[in-house]
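Undergrad: Let's see this in three dimensions:
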Amino acid sequence: MGNQHKRSAHPQSITHISLSNNLLRTTNMLRINSLLLASSLLLANGIATAADLNTTLPSNRKEYDIPAGSLGAALNKLSQKTGKPLVYDPNITKGKNSAALKGVYSPDEAFDKLLQGTGLELVSDRQGNYELRPAPIEDKTLPALGPKSEQLRVDEVLVRGKRFYEVGPLPGLGLTKDQIPGNVQSITAKEIKETNALSIADLLNRKLQSVTVNDYQGNPFQMDVQYRGFTAGPQIGTPQGLSVFFDGIRVNEPFGDVVNWDMIPMNAIANFDVFPGSNPLFGLNTLGGAFTIKTKDGFSNVGVDANILTGAFGRKQLQAEGGWNNGTVAAFAAANIFLEDGWRDNSPSKVNQVFGKGSYRGDKLDLNLTGLVAWNDLVGNGLVPTQMYQQNNSGVFTSPDETDNRLWQAQLSGSYFVNDNFTITAQVYRRNSKRKSVNSDVYTEYGNSPGTMNLDEGDQYTCYMTAITSMGCRIIIW
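TA: Residues are numbered from 1 along each chain as shown. Sure thing, here's the model as predicted:
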């Protein structure tokens, strides 16, 4: 009986639990139905419930925990954690540190956070690779602009620009090459220095077209320059057909219209221009063309430069120049010293040239005060008979043939800018040139017989001096 009671009691207990579970299910279903009904009502009114919110993080955002320390090490850790390749030069991170990086960031946000204050930036390409480079420097010289009523206002400044390259006999004319009806050839100071020419004639022969030289004296400073068949040279009696201007001063000598190239220092030249044809702009006797020379100043040539040249036959040359300016006032000086024994017998030469210029440059007024001094002793023995040249090519037939040139020149020039269409240019100068020549290139007969000239009957001549040499030869100079 006891066992039967126990067996009957157990099924009763189970039945009770089953009933309780059914009641719970019924109760839960009622609650769920109530919640569903409430949710439907809320959704009908356009209100989202917490069950509809996405609480998961985006796939590209991760949690990072990188301690402060070396920037390079921190970047490597971050690159590994993000899986993004990073390319950079280790030198740009050398000596730089980074702050700690802790939190949830996207890869771009993590790199930007880590690079704050380092002066570096991250640049990504289309493949998603990163490159580290220095960030551009912001210009903080200008103040920040406020509202329109408080914006920074500056005064109007008018700037007068000069022509890039002027040509012509006088400065300030405002002429350019395209305004000259002809092939104007030019040589700059840089080209002059690169040629290493000894004299003006040597320079023109190397750099210009339609130019030839005639070295009849065997001296580099006494050569004739021929341009399209017209001549400019130091030989008295040679027909001259070219005009030469030095800072607007015509340097053709009054006697014979000759040009002493040895009086022009090459290291003082800024520009050398050649104008073809007969142009009345350059004055009388400009039959074949004109040469214009503009000198350097302290505004365009700042600093000191020197050049030393040595060579055979005792040739030595020193060229030195220097310039300075403070924006308004400038000074420039150049010197040239040349010595040589000459490749022919009894043919030494000395050339000394000194040039100086003081300049003033204002808003409308430009002034230049220049000075030039030259004292040269040139020896250029003339031609020799063919038979004598075959025996000794360095010999001379008669000597000496000396020319001593002295020059003192001063100039004040100015240019006043009135307006865009009107400029006043003026200059005043004094030029004192002296030339002394001793020439023994006269053929005389031996003995006491006088020299003769092949003159036709009625021809006139002037006999300046008759002398007897120490050898007993009579010399007639005419």
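
Undergrad: any idea where the strands of the stretch 151-300 of the chain begin and end?
TA: 185-188, 211-214, 224-227, 230-232, 242-246, 249-250, 269-276, 289-295 (DSSP state E, counting those that start in this stretch).

Undergrad: Output those in a markdown table, with mean neighbour count and mean pLDDT appended to each entry.
TA: (C-beta placed from N, C-alpha, C; glycine too.) Converted to a markdown table, the strands of the stretch 151-300 of the chain look like this (neighbours: other C-beta atoms under 10 Å; pLDDT from 0 to 100):
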| stretch | mean neighbour count | mean pLDDT |
| --- | --- | --- |
| strand 185-188 | 17 | 92 |
| strand 211-214 | 16 | 92 |
| strand 224-227 | 23 | 94 |
| strand 230-232 | 22 | 93 |
| strand 242-246 | 24 | 93 |
| strand 249-250 | 20 | 92 |
| strand 269-276 | 21 | 92 |
| strand 289-295 | 24 | 93 |
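
Undergrad: Make CSV out of those and add distance to residue 256.
TA: What follows is these, written out as CSV (distance: least, C-beta to C-beta, whole Å):
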stretch, distance to residue 256
strand 185-188, 26
strand 211-214, 16
strand 224-227, 13
strand 230-232, 11
strand 242-246, 13
strand 249-250, 14
strand 269-276, 22
strand 289-295, 17
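
Undergrad: between those, which one is nearest to residue 121?
TA: Residue 121 sits nearest to strand 185-188 of all the strands of the stretch 151-300 of the chain, at 44.9 Å, using C-beta to C-beta.

Undergrad: picking that back up, right, and the strands of the stretch 151-300 of the chain - which one's nearest residue 261?
TA: strand 224-227 (7.5 Å).

Undergrad: packing partners for that closest one?
TA: In terms of contacts (3 or more C-beta pairs under 8 Å, 6 or more residues apart in numbering; DSSP states H and E), strand 224-227 is packed against helix 200-207, strand 211-214, strand 230-232.

Undergrad: quick one, which of those is nearest to residue 266?
TA: For the helices and strands packed on strand 224-227, the distance to residue 266 is smallest for helix 200-207, at 6.5 Å, taking C-beta to C-beta.

Undergrad: which residues does residue 357 bridge with?
TA: Applying DSSP bridges to residue 357 yields these beta-bridge partners: residue 332, residue 370.

Undergrad: In this model residue 298 seems to touch it, though I could be wrong.
TA: Yes. Proximity of residue 357 to residue 298 meets the contact threshold set by C-beta atoms under 8 Å, at 7.3 Å.

Undergrad: related to what we said a few turns ago, is it possible to get the helices and strands packed on strand 224-227 out as CSV so that each row also shows distance to residue 303?
TA: Compiled in CSV, the helices and strands packed on strand 224-227 are given as follows (distance: least, C-beta to C-beta, whole Å):
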stretch, distance to residue 303
helix 200-207, 23
strand 211-214, 32
strand 230-232, 33
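
Undergrad: Let me know which of these is the nearest to residue 408.
TA: Between residue 408 and the helices and strands packed on strand 224-227, the tightest spacing by C-beta to C-beta is seen for helix 200-207, at 19.6 Å.

Undergrad: The closest one relative to strand 242-246, how many degrees between them?
TA: If you take axes from the mean of the first three to the mean of the last three C-alpha atoms, to 10 degrees, helix 200-207 sits at 110 degrees to strand 242-246.
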